[in-house]
Every structure is written in C-alpha cells, then in structure tokens.
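Peer 1: sequence unknown, structure follows:
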C-alpha cells in the first residue's frame, strides 16, 4: 500500500512530461485521449467465491481466479466498498484500514454478531483485499470484504450456506472453534479433543507480563466455566493492545 519515494518522483516527472508542450507531428495526427479512471476496475461481485491458500489470505491483493461456490472454496466476498474521497492508496495504512473496517464491519456482523466474546469462539475470519497494481493504475478505488474459516494457519472449506452466529449456545459446529489433542485449532465439525465452553475479557494486560497474566486469569476462571477436569485456554488480542479475550475449552 505504501509507495516508495522514487515512485512519487517518477510520477511527478511523468506529470511534467505530459504538461510540457509537444512538438506538432508532420502528419498533425491527434493523440488518443487517455481512458477515464474506473474506480471499480477489476472489482468482483459480492458472493464471489475463491479457493485461497493461507499465504494468499495474508496478502494485500490476490491473483486467484473465482471458483463456483458449489465447489470447494475457502473464501467468499461479503461486500465490495470504495475508499471515501479523503482517502486514496497513498494514504497511510492506518487510514486505509479504518476505511475498510468501517465499511466491512456491518457485512461481517451479518455472519457473526459484533461481540468479541462470541467471535473468539469461532473460526470465522474477516479479510480485506485491495485491487492489484494494474487495477489501481486503471483508477480502481474498491476493496473487498471476504469471509473465511481459519484454524491457525489452515484454511478450512466454507460450506455452501454459511451458518450465522448470534449467540454462544447456537454456534454451529462447522464454524465453532475447537482444539485437537495436539493443541491445534480446528472446527468443531472435525475431530477434536476440546470444545469451546466460555469466554471472558481481560483488560489492563501488560506486554512484559501478558503470558503470566493470561495464565493466571485462565487458572482462576476456566475451572468454574468448564464442566470437565481437563481444560485448555487460548487468548485473542482485541483492537486495544491491552485487552484480550480468553476462551476456555473443556474436554469432549
């Protein structure tokens, strides 16, 4: 998203070249007018499905071609938005990300309720994608809001009809977060040893003592939030760096 200084210099030089008067050709032929910028150049339609790898999910943009949603796929476009007038691709990463989050948030909330305690108990993941370089050069200002199922670094296939999550008591196994005997995340529809049982928020977490604070909080809270003698826990950082959600998992 960030452009190096030399790219800016090159762009300014190009502008000067365009503005400078060009000598008339002997034939007097007029140049072809430049194509008007297209803010939706290369944009996918909401509902489009993709078969993405974890590396592609982590990229700013993806070259992956769409696939039929009736076939195996690991990502689906929830919505497509455009940058507000005061933001462009040369803006800071933070400004671009805020613009995308503001637009994509409501679409994601249609899948999983906007509740960090609830979201931490699922494998549902929201991702933003930008246009590629060629589309941006053509004037693209769109971004897309994708939904995926992510278990650690493993992409899980999306069901053709993605279940909605509104309360903890009705999280479908296909999107619920469970833990294997090797302490790896998976969906609760797959073989697992521990099932999400409860979640709570921990505030005032300090970077240097975070692991100790989280462990102590889990030891204090998880025994009374689970129904089995053996349990495990995980933690997810929230938007504020000093806040975490701790999930307790019970055997079963």
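Peer 2: Cool, got the structure. A quick note: this is a predicted structure, and the numbers were derived from the prediction, not measured.

Peer 1: only C-alpha atoms for contact and neighbour calcs from this point on.
Peer 2: OK.

Peer 1: Specify the residue ranges that define each domain of the chain.
Peer 2: 38-159, 193-252 (automatic domain parsing).

Peer 1: Tell me which of these lies nearest to residue 184.
Peer 2: domain 38-159 (7.1 Å; C-alpha to C-alpha).

Peer 1: can you give me the end-to-end distance of that closest one?
Peer 2: From its first residue to its last, domain 38-159 covers 34 Å (C-alpha to C-alpha, to the nearest Å).

Peer 1: now that domain, how far from the chain's geometric center?
Peer 2: 6 Å (C-alpha atoms, centre = their mean, to the nearest Å).

Peer 1: returning to what we had before: ok, which of the domains of the chain comes nearest residue 183?
Peer 2: domain 193-252 (8.5 Å).

Peer 1: pLDDT on the closest one, on average?
Peer 2: Domain 193-252 shows a mean pLDDT of 96.

Peer 1: can you check stretch 47-56 too?
Peer 2: 97.

Peer 1: Could you work out the end-to-end span of stretch 60-74 for me?
Peer 2: Stretch 60-74 end-to-end distance (C-alpha to C-alpha) = 17 Å.

Peer 1: who touches stretch 131-142?
Peer 2: With contact meaning C-alpha atoms under 8 Å, 6 or more residues apart in numbering, stretch 131-142 is reached by 37-43, 61-63, 80-83, 88-89, 130, 143.

Peer 1: Oops, could you answer that again for stretch 44-54 instead?
Peer 2: 64-69, 72-80, 144, 153-155.

Peer 1: Angles on the backbone of residue 90, please.
Peer 2: Per-residue torsions, residue 90: phi -90, psi -10 (degrees, to the nearest 10).

Peer 1: Find the centremost residue of the protein, please.
Peer 2: What sits nearest the mean C-alpha location of the chain, by C-alpha atoms, centre = their mean, is residue 127, with 1.6 Å.

Peer 1: For that one, name its beta-bridge partners.
Peer 2: Counting by DSSP bridges, residue 127 forms beta bridges with residue 146.

Peer 1: any idea how far residue 109 is from it?
Peer 2: 13 Å.

Peer 1: any residues touching stretch 80-93, and which ones?
Peer 2: Here stretch 80-93 has contacts from 1-3, 39, 43-46, 95-96, 99-100, 103-104, 141-145, using C-alpha under 8 Å, 6+ apart.

Peer 1: Any chance you could list what contacts stretch 229-249?
Peer 2: 116-117, 120-121, 178-179, 194-207, 214, 218, 222-223, 225-226, 250-251.

Peer 1: And that stretch, what's buried?
Peer 2: Of the residues in stretch 229-249, 231-237, 243-249 count as buried by neighbour count, 16 or more other C-alpha atoms under 10 Å.

Peer 1: With secondary structure and distance to residue 149 as added columns, please give those in CSV.
Peer 2: Putting the buried residues of stretch 229-249 into CSV (DSSP: H, G, I helix; E, B strand; the rest coil; distance: C-alpha to C-alpha, whole Å) gives the following:
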residue, secondary structure, distance to residue 149
231, strand, 24
232, strand, 21
233, strand, 20
234, strand, 17
235, strand, 18
236, strand, 16
237, strand, 18
243, coil, 23
244, strand, 21
245, strand, 19
246, strand, 20
247, strand, 18
248, strand, 20
249, strand, 19
